[in-house]
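J.: let's see this in three dimensions:
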Amino acid sequence: MPVRTTSLTVPASADRENEDAIALAAGIGVVVDGAGIPADLRRGCTHTVAWYARRLADAFCARLVDRGTPMRDALAGAIAEVTALHAGSCTFEGGSPSATVAAWRVDGAEIEHLVLCDASIVVLDVSGRAHEITDDRIERSVARRTRELLSARTAAADAHPDERAVLRWRALEECRNSPDGFWCAQTDPKVAEQALIGRQAIDDTAAVIAASDGGTRGFQLVDAHDLPSFALRAASGELDGLAAEIRAGEEGLRTRSDFDGKIHDDLSIVVGSFG
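T.: Sure, this is the predicted structure:
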């Protein structure tokens with residue numbers, strides 16, 4: 001069955017580099033969401049987050065073209081390839097860029113998917129039902145460790161928002177690629193073993209969508225639309241409209257006392273539609 005591919009990737013704002021990357025091939029869609037961490041947390045590496053995301057997306061997509069290569073193996077090979085590109089210029093002990101990944105691939109009468117960390121795959125079935133595949137270990141583990149770091153202070157309740165943000169970054173680094181934390185692409189190919197994988201029959205599938213967490217904010221965070229609406233409209237190619245709703249919804253984050261993250265995020269969506 002033929003697949004129609006549509007895609008969109010836009011930076012959080014026009015004046016900054018997009019740290020998301022997408023890569024496309026026949027029957028393949030890849031989204032890589034580079035982790036926008038401060039430069040001092042990746043000071044061992046001379047490369048930018050955007051450089052890492054683009055190289056990883058291209059290397060992963062190239063390996064996925066061979067349907068005989070399992071998706072986890074393709075990701076492991078891509079991570080190893082990009083890690084080798086650092087040779088001679090970077091010392092990873094001081095930190096390096098990392099990324100989350102979501103991808104889909106048509107393989108005969110089935111469609112495969114892979115998710116590493118909190119990027120997402122959304123599957124729309126032929127009856128119009130949608131479900132999301134993502135890994136929320138990052139949110140749970142970082143929140144837990146941040147609370148532990150705050151509780152170690154003598155006056156945790158009085159912590160300034162800036163200090164809370166610093167502690168969250170510390171928690172993020174401590175939990176990254178740890179058995180009690182979360183897993184993402186960085187320098188070790190073995191993390192690909194932690195990726196979520198699956199497959200379903202194309203005959204049962206109306207569309208499959210790979211998205212960065214900026215692309216899923218509309219239904220995950222800002223209530224701009226719900227999951228079924230996101231899936232149906234993405235399958236119909238309404239990506240610009242979805243992105244506009246997400247950007248409008250993000251403005252409401254400015255007044256939320258419980259939110260200390262990025263107001264706007266890079267946004268990437270790659271859709272494969274069938275039938």
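
J.: quickly list the domain ranges of the chain.
T.: What the record gives for the chain is the domain set 3-132+184-274, 136-182, from automatic domain parsing.

J.: tell me the mean pLDDT over the first one?
T.: Regarding domain 3-132+184-274, the rounded mean pLDDT is 94.

J.: endpoint to endpoint, that domain covers what distance?
T.: Criterion C-alpha to C-alpha, to the nearest Å; first-to-last residue distance in domain 3-132+184-274 is 5 Å.

J.: what's the answer for the last one, then?
T.: End-to-end distance for domain 136-182, by C-alpha to C-alpha: 8 Å.

J.: chain center to it: distance?
T.: 20 Å (C-alpha atoms, centre = their mean, to the nearest Å).

J.: where along the stretch 51-200 of the chain do the helices fall?
T.: 71-85, 137-151, 161-175 (DSSP state H, counting those that start in this stretch).

J.: with distance to Ser7 as added columns, please give those in CSV.
T.: Placement of C-beta: from N, CA and C, glycine included. CSV is the format used below for the helices of the stretch 51-200 of the chain (distance: least, C-beta to C-beta, whole Å):
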stretch, distance to Ser7
helix 71-85, 19
helix 137-151, 24
helix 161-175, 28
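
J.: what sits against the residue nearest to Glu148 when sequence neighbours are not counted?
T.: Nearest residue to Glu148 in three dimensions, chain neighbours excluded: Ala171, at 7.9 Å (C-beta to C-beta, 6 or more residues apart in numbering). Contacts for Ala171 (C-beta atoms under 8 Å, 6 or more residues apart in numbering) come out as 142, 145-146, 148-149.

J.: got a list of what the residue lying closest to Arg4 once chain neighbours are set aside touches?
T.: Excluding its sequence neighbours, the residue lying closest to Arg4 (C-beta to C-beta, 6+ apart) is Ser273, at 4.6 Å. Residues near Ser273 by C-beta under 8 Å, 6+ apart: 3-6, 206-207, 235-237.

J.: hmm, back to that, could you flag which of the contacts of Ala171 are buried?
T.: Buried members of the contacts of Ala171, counted by 16 or more other C-beta atoms under 10 Å: 142, 145-146, 149.

J.: how far away is the nearest residue to Leu114 once chain neighbours are set aside from Arg199?
T.: The shortest distance from Leu114 to any non-neighbouring residue, by C-beta to C-beta, 6+ apart, is to Met71 (4.3 Å). Separation of Met71 from Arg199 (C-beta to C-beta, to the nearest Å) stands at 9 Å.

J.: wait, is the residue nearest to Arg4 part of a strand?
T.: Yes: per DSSP: H, G, I helix; E, B strand; the rest coil, Ser273 lies within a strand segment.

J.: for it, name its beta-bridge partners.
T.: For Ser273, the beta-bridge partners are Arg4, Ala207 (DSSP bridges).

J.: picking that back up, pick the most buried one from the domains of the chain.
T.: Of all those, domain 3-132+184-274 has the most neighbours on average by mean count of other C-beta atoms under 10 Å, namely a mean of 19.

J.: for the contacts of Ser273, which one is nearest Asp136?
T.: Proximity of the contacts of Ser273 to Asp136 was ranked by C-beta to C-beta; the top entry is Ala207 with 22.8 Å.
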